[in-house]
Each structure stands twice: as structure tokens, then as C-alpha cells.
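I need the structure of the sequence given here:
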Amino acid sequence: MDIAASNADRTRRLSAIVDTYHLDSFKTLLDAPPETFQARIGFVGEFSSGKSTLINAILGESLLPSRSTPTTANVIQIEANLNAGSAEYYAAGPDGEAQGISAADFAAFACSDSQGTLRLRLPPRGLLQPGIQLIDSPGINALVAGHAEVTVAQLSLLDGLVVCLHCEMGTVPANVLAFLKREEIQGIAHKLLFVLTAADQKAPASVARVADSMADALLRVLPESMPRPNIVITRALGALNGEADGMADFDKMFNTFFVARASLLREERRALQLGHCAELIRAALQSYKASMVYTDDEFQQKLDDGQAQLSELRQEKIAQERRLEDWHQTFRLELQRTADRFAPVLGNADADKLEPVFAQLQAALEDVALTHIRRYVPEADIQGKELPSALKTALASALQAHAKYVEHGVTAATMVAVTLATSGAGAGVVAAEAAGTATAAAQTTAATVAKGAAKAAVAKAGEVAAKSMLKQVFAQMATTMKDVNPLEMVGNVVRNVWNGNEAREMLPQLSARLADAYHADIVRHLDETCFQPLEDQLVAIEQGMIEARKARSASLDAFARQRDQITRDLRALDEMVAQA
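Just a heads-up that it's a prediction; the model follows:
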């Protein structure tokens with residue numbers, strides 16, 4: 001892969017990294033098209049070594065100030081601009097912003113101690129062509145403090161050097177030899193073009209001897225791999241005065257060293273800049289990676305908050321359920337007591353008067369229910385309950401049947417007493433058995449609320465039969481039957497009727513069913529207003545915790561993937577830096 005293709009590939013890879021990590025400050029450099037880069041050729045030497053005069057000869061006119069004392073104090077950039085109709089002068093301060101200035105101000109700024117960069121833009125001419133930038137710099141042995149440092153600072157930005165050696169010196173100055181030994185210069189020694197200036201001030205033979213002597217001195221400080229340098233002899237002043245051959249050799253060597261290789265020099269410059277950019281991006285990524293610390297604080301806080309809310313809601317739910325259960329038990333008990341108070345009333349009521357009693361019972365039960373409901377949930381809108389119709393009908397039928405069969409049983413019991421009085425103990429036993437059968441039927445199907453009627457019937461039978469003949473009957477019974485007591489049998493039968501429990505069994509069922517019906521309404525109400533919202537909140541919080549765990553897992557995965565990606569990108573940057 002040639003250097004241009006390599007640069008394009010590195011630019012693409014660096015741009016991808018910059019986009020990934022939003023390192024926008026590098027975009028300007030990376031997005032610049034290759035043709036915007038110029039081969040930067042610097043002119044260095046001691047002050048008054050003929051640098052500026054040589055550049056003026058290249059340009060074909062005296063545009064840069066030059067004299068025997070230190071003149072150039074700032075870096076001057078000269079470049080070809082196809083859009084320039086004539087010389088354009090600019091001055092850029094420390095902030096880099098360039099402003100157009102006059103030629104006089106340009107010359108004054110070049111010789112002043114003001115910090116900045118001067119730019120001279122010209123239409124293309126001679127050796128000055130698009131893609132080539134000439135850099136004039138202060139002397140490396142400048143008498144003014146700071147001038148030499150400006151030159152040294154420019155070294156890393158140069159793609160080639162024209163080292164100017166004044167013919168009058170006779171040999172290479174010590175400052176120049178020390179300068180050439182610098183590490184920065186040793187690395188670009190193959191890009192050095194040595195020029196003997198002011199050769200028009202000495203005889204040709206003398207100039208040739210000086211050039212040979214200087215070449216020997218330079219060979220001793222250049223890398224061993226370098227051949228003996230060929231020093232180009234120039235006559236810049238003569239060229240400016242119209243001598244045709246004053247710059248001929250220089251033009252040929254400058255073209256060979258720099259102009260013909262301008263494209264390659266630009267790509268090499270681009271490669272160096274990309275390497276420097278890769279170093280900066282690597283440092284930024286290393287710093288970013290070092291600062292990457294995954295913390296569970298936010299997730300743990302969400303988890304703790306969720307657990308606390310769950311615990312609170314569960315406790316609330318348990319408390320509500322307990323309160324409901326306690327209320328239900330109290331409610332059932334109060335309904336039972338109310339129903340029990342109506343048991344005697346129902347028991348003593350005639351069959352045709354049961355309906356009003358039932359209405360009173362219903363009103364009493366409803367009043368108890370609504371009182372308890374409002375006490376539990378004041379806002380509940382729960383309507384009163386009708387007594388369960390099936391139970392109500394069954395209870396009424398039982399009471400009516402009870403009255404009928406008790407009446408039949410009393411009649412049979414009366415017959416027993418009369419038979420005992422008239423026919424003796426044997427017939428009484430048979431009658432008693434019949435009476436017992438009838439009364440038993442009443443006991444199994446009727447309610448105890450007819451006990452009052454049974455008591456009245458027994459009392460009436462005693463009055464009819466016992467008054468006139470009871471003593472005689474008992475006397476006969478005592479002598480004729482010792483093991484059978486028909487009157488006791490009659491008493492047992494009536495007692496069984498008296499102790500019937502059907503109504504008492506049905507009324508608790510009725511109150512219990514009402515309690516359950518109201519309780520079901522309360523539960524439905526609480527499901528809508530309390531339990532279901534609580535359950536929904538529990539589900540929502542649990543789901544939120546599940547989502548938080550999923551998000552944490554995804555975040556951890558993303559964190560790990562990002563660190564892995566940074567590690568891979570850092571390895572790629574290491575390779576690009578090494579290539580530069």
C-alpha cells in the first residue's frame with residue numbers, strides 16, 4: 001500500500017474512532033482533503049546568512065526585508081495562491097486569526113519583536129507553485145533573545161530544509177554544526193539541501209574551495225548513512241539584478257529535492273500529522289478509559305426503594321385483610337344476635353302473620369348491616385339486602401307445617417289421656433304410640449316457634465281428662481302395669497315437640513347468609529378501592545424491579561462492550577502511531 005492509500009485508510013479509521021467517542025476537536029484535521037496540505041520547505045541559517053535574499057531571488061523580486069543585521073524576527077510563510085492577483089500580506093497574532101496588512105506594515109512586523117506569523121500570498125511563479133510553501137525563519141544564532149527558539153519550534157512542521165551557508169564565513173559556523181546535530185534534524189537529514197549564498201562576492205575558484213571545505217565539515221556531523229553533501233552555489237543578488245545563471249543550479253536542485261517530490265512530501269507531512277493526531281486521540285481514550293468506573297449506586301437505590309415500597313404495601317395489605325376478617329366476624333355475630341332476638345317472635349306468630357315479622361326481621365338485619373358497613377368503609381355505596389327468598393320460604397313453610405302437626409299431636413295426646421281413663425293401660429299404650437308417631441313427624445319438619453301452641457294443647461288435655469278420673473286412672477295403672485307409663489310417654493312426646501330446633505337452626509343460617517352476602521359486597525368494594533390498587537402497585541413495583549435488573553444487566557453488558565471496544569481502538573491507535 002503506497003503512502004497516499006495508507007493515509008486515506010488511517011484517516012478513515014481515525015474518523016470512525018473520533019465519531020464513536022465524539023472527539024469533535026479532531027474533525028477539522030481529519031476532514032481536510034489531502035490537496036489542502038502543502039510541502040513546507042524551511043530556510044535556516046545564521047542571521048544575515050542570505051536566507052531572505054535567496055527567497056527573494058526565488059520569487060523574482062525583493063518582497064522580504066533583508067540586511068546585514070538580524071532582520072527576520074518572526075516566521076514568514078510564502079505560498080502560491082491561484083486566486084491572488086498580486087502580492088497579499090497578512091499578519092496572524094497568537095490566536096491564529098489572520099488580517100490583511102500593507103507591505104510596509106508587513107516589513108515592520110517581520111523585523112519587530114511582536115509574536116505572530118506573517119503570510120505572503122503570490123500568484124504562482126518559478127519554483128513557487130501550489131502545494132509548496134516556503135518558510136523564512138529567524139537566524140539560529142540570532143542576537144535578539146527568542147529569535148532562535150522560533151526557528152527551532154518550526155522544525156517539526158517542516159518537510160524539507162534549505163541550509164544557507166554564507167560564502168564569506170569560509171567554513172560551516174559552529175552554531176550551524178550544533179544545529180545539524182539536533183535529533184530533529186538527524187531524522188530528516190535526507191531532506192536537507194545545502195546552499196552557499198553570496199557566491200557572487202568571491203572569485204569562482206575561491207568559492208569552489210569554500211564549498212569543498214564546508215562539505216567535509218558537514219559530512220562529519222551528518223548520519224553515517226548519508227553521502228557527502230553536494231553544496232549548491234547561488235548568486236541571489238545577481239539573479240535579482242537580472243543575471244540568468246545566478247540561480248540555475250539552485251533551481252535544478254530545488255526542483256529535484258522538493259518540487260518534483262511535492263506530492264510525496266505532502267503525504268509524508270499528512271502521515272506525520274495523522275500519527276500526531278493518533279497520539280492525541282490515544283491519550284484522550286486512555287484518560288477516558290481510566291475514568292470509566294461502573295457504579296451500582298443508582299440501581300441499588302432503585303432496588304432499595306422498591307423493596308421498601310413492597311414491604312410497606314404488603315404490610316398494608318395484611319393489615320387490611322386482618323381488619324376485614326375481624327370486621328366480618330363481629331358483623332356475623334351481631335347479625336346472629338339480631339336473628340336470635342326474633343326467634344321467639346317467629347315461634348309465637350300465627351302462620352298467617354309471619355310475613356310482617358319477616359319484614360321486621362329484614363329491617364333489623366339491614367340496619368345492623370348498614371351500620372357496620374359505614375363503620376368500616378364510610379364511603380362504600382352498598383345497598384340493603386333482601387332476605388334470601390329460598391331460605392325465607394323454607395322457614396315459613398316449616399313454621400306453618402309445625403303448627404299443623406303440633407295441633408295433630410296435641411289431639412293425639414288428649415286421646416291418650418281419655419283412653420287411659422276409660423279403657424285402661426293397654427289401650428293407652430297403643431294410643432300413645434300413635435300420638436308419638438304424629439308428634440315425631442311434627443318435630444322433624446316444623447320449627448320450634450310453635451312451642452307455645454303445644455303447651456296450650458297439653459294444658460287443655462289435662463283439664464278435660466285428668467280432673468275427674470286422674471286419680472282413678474293412676475290407681476288402675478299402678479295395679480295393672482308396672483313397666484309401662486303411658487302418661488310419661490305422652491309427656492316425652494310433647495316435650496320433644498317443645499324442644500324442636502328447626503327455627504333456631506334456620507335463623508342462624510339466614511343471618512350467616514346475609515353476613516356473607518354483605519361481606520362479598522365489601523370485598524368487591526375493597527377490591528376496587530383498596531386490595532386491587534394495592535395489588536396493582538405491588539405488581540407494578542415488582543415489574544419495575546425486574547426492569548431495573550434488566551436495565552442494569554444491559555448497562556453492564558454495554559459497559560463491558562465499550563471497554564472492550566476502547567481496548568481494541570487503543571491497540572489500533574498504537575499501530576498507527578508506530579507507523580508514523
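
could you use CA atoms for every contact and neighbour count after this?
Will do.

poorly predicted segments of the stretch 1-150 of the chain, please.
Across the stretch 1-150 of the chain, the ranges flagged by pLDDT under 70 are 1, 34-35, 67-73, 94-96, 141-150.

show me where it has its helices.
Across the stretch 1-150 of the chain, reading from the start of the chain, the helices by DSSP state H, counting those that start in this stretch fall at 3-20, 27-31, 51-59, 103-111, 147-153.

show me what counts as buried in the shortest one.
In terms of neighbour count (16 or more other CA atoms under 10 Å), helix 27-31 has its buried residues at residue 30.

please state the offset of it from the chain centre?
Once both centres are worked out by CA atoms, centre = their mean, to the nearest Å, helix 27-31 turns out to sit 32 Å from its chain's centre.

contact partners of that helix?
By CA atoms under 8 Å, 6 or more residues apart in numbering, the surrounding residues in contact with helix 27-31 are 11, 14-15, 18, 274.

let's see 7 Å
Around helix 27-31, the neighbours that count as contacts under CA atoms under 7 Å, 6 or more residues apart in numbering are 11, 15.

biggest helix in the chain by residues?
As far as residue count goes, and with DSSP state H defining each element, the longest helix of the chain is helix 297-348.

ok, then the element right after it?
Using DSSP states H and E, the next helix or strand after helix 297-348 towards the C-terminus is helix 354-376.

helices and strands around that following helix, which ones?
Secondary-structure packing of helix 354-376 (3 or more CA pairs under 7 Å, 6 or more residues apart in numbering; DSSP states H and E): helix 297-348.

please compute how far stretch 266-280 lies from its chain's middle.
For stretch 266-280, the distance to the chain centre is 38 Å (CA atoms, centre = their mean).

what do you get for stretch 131-138?
When C-alpha coordinates are averaged (CA atoms, centre = their mean), stretch 131-138 and its chain have centres 54 Å apart.

only the C-alpha atoms, please, for it, written as CSV.
As requested, C-alpha coordinates have been extracted for stretch 131-138 and formatted as CSV (Å, rounded to 0.1, in the frame of the first residue of the first chain):
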residue,chain,number,x,y,z
GLY,A,131,1.4,22.7,-2.9
ILE,A,132,4.8,24.3,-1.9
GLN,A,133,5.2,26.6,1.0
LEU,A,134,8.4,28.5,1.7
ILE,A,135,9.2,29.3,5.3
ASP,A,136,11.7,32.1,6.3
SER,A,137,12.8,31.9,9.9
PRO,A,138,15.0,33.9,12.3
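
and the strands in the stretch 1-150 of the chain?
With strands called from DSSP state E, counting those that start in this stretch, the stretch 1-150 of the chain shows them at 39-44, 75-80, 88-92, 98-101, 117-122, 132-136.

what average pLDDT does the longest helix of the chain get?
Helix 297-348 carries an average pLDDT of 84.

show me what that helix is packed up against.
Using 3+ CA pairs under 7 Å, 6+ apart, the elements in contact with helix 297-348 are helix 354-376, helix 502-526, helix 532-579.

report the buried residues of the first one.
Within helix 354-376, the residues that qualify as buried are 354, 358, 361-363, 365-366, 369-370, 372-373, counting by 16+ other CA under 10 Å.

what does stretch 246-254 give?
Counting neighbours by 16+ other CA under 10 Å, one finds that the buried residues in stretch 246-254 are 246-248, 250-251, 254.

same thing with stretch 532-544?
Of the residues in stretch 532-544, those with enough neighbours to count as buried (16+ other CA under 10 Å) are 534, 538, 541-542.

cool, and stretch 90-99?
Of all the residues in stretch 90-99, those buried under the rule 16+ other CA under 10 Å are 90-91, 98.

C-alpha coordinates for it, PDB please?
These are the backbone C-alpha positions of stretch 90-99, laid out as PDB (Å, rounded to 0.1, in the frame of the first residue of the first chain):
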ATOM      1  CA  TYR A  90      -1.200  39.000   6.200                       C
ATOM      2  CA  ALA A  91      -0.400  39.000   9.900                       C
ATOM      3  CA  ALA A  92      -1.700  36.400  12.300                       C
ATOM      4  CA  GLY A  93      -1.400  37.000  16.000                       C
ATOM      5  CA  PRO A  94      -1.000  34.400  18.800                       C
ATOM      6  CA  ASP A  95      -4.700  33.500  18.300                       C
ATOM      7  CA  GLY A  96      -4.000  32.400  14.700                       C
ATOM      8  CA  GLU A  97      -6.500  34.900  13.200                       C
ATOM      9  CA  ALA A  98      -5.000  36.400  10.000                       C
ATOM     10  CA  GLN A  99      -5.700  40.000   8.900                       C
END
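
centre of the chain to that stretch, how far?
Using CA atoms, centre = their mean, we find the averaged C-alpha position of stretch 90-99 to lie 46 Å away from the chain's own average C-alpha position.

who touches it?
With CA under 7 Å, 6+ apart as the contact definition, stretch 90-99 has outside contacts at 100-101, 115-120.

and if we set it to 10 Å?
Stretch 90-99 is contacted by residues 76-77, 89, 100-103, 105-106, 109-110, 114-121 when judged by CA atoms under 10 Å, 6 or more residues apart in numbering.

and the residue nearest to residue 235 when sequence neighbours are not counted, helix, strand or coil?
The shortest distance from residue 235 to any residue that is not its chain neighbour, by CA to CA, 6 or more residues apart in numbering, is 4.5 Å, and that residue is residue 246. With DSSP: H, G, I helix; E, B strand; the rest coil as the basis, the three-state label of residue 246 is coil.

how about residue 295?
On the basis of three-state DSSP, residue 295 is classed as coil.

could you give the number of residues near it?
Residue 295 is surrounded by 9 other residues when neighbours are defined as other CA atoms under 10 Å.

separation between it and residue 354?
According to CA to CA, to the nearest Å, residue 295 stands 78 Å off from residue 354.

what's the span of stretch 521-536 from first residue to last?
One end of stretch 521-536 to the other measures 20 Å (CA to CA).

hmm, I was thinking of stretch 216-226
Stretch 216-226 end-to-end distance (CA to CA) = 12 Å.

next: stretch 188-200.
Using CA to CA, first and last residues of stretch 188-200 are 30 Å apart.

chain center to it, what's the gap?
Taking the mean C-alpha point of stretch 188-200 and that of its whole chain, the gap between them comes to 64 Å (CA atoms, centre = their mean).

about what we covered before: how about JSON lines for the helices of the stretch 1-150 of the chain, with distance to residue 266 added?
Converted to JSON lines, these look like this (distance: least, CA to CA, whole Å):
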{"stretch": "helix 3-20", "distance to residue 266": "9"}
{"stretch": "helix 27-31", "distance to residue 266": "14"}
{"stretch": "helix 51-59", "distance to residue 266": "21"}
{"stretch": "helix 103-111", "distance to residue 266": "27"}
{"stretch": "helix 147-153", "distance to residue 266": "20"}
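
need the winner for burial among those.
Ranked by average neighbour count under the criterion mean count of other CA atoms under 10 Å, the helices of the stretch 1-150 of the chain are headed by helix 51-59 at a mean of 24.

re earlier: only whichever of the contacts of stretch 90-99 are buried, select them in ChimeraX.
Remark: buried members of the contacts of stretch 90-99, expressed as a ChimeraX selection using 16+ other CA under 10 Å:
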select :76,77,89,103,106,109,110,116,117,118,119,120,121
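
quick one, what contacts residue 119?
With the criterion set at CA under 10 Å, 6+ apart, residue 119 makes contact with 75-79, 88-92, 98-101, 106, 135.

kindly recompute the last result at 7 Å.
Going by CA under 7 Å, 6+ apart, residue 119 touches 76-78, 89-91.

mind listing the residues bridging to residue 120?
residue 78, residue 89 (DSSP bridges).

what distance do you get for it to residue 164?
Spatial separation of residue 120 from residue 164 under the definition CA to CA is 21 Å.
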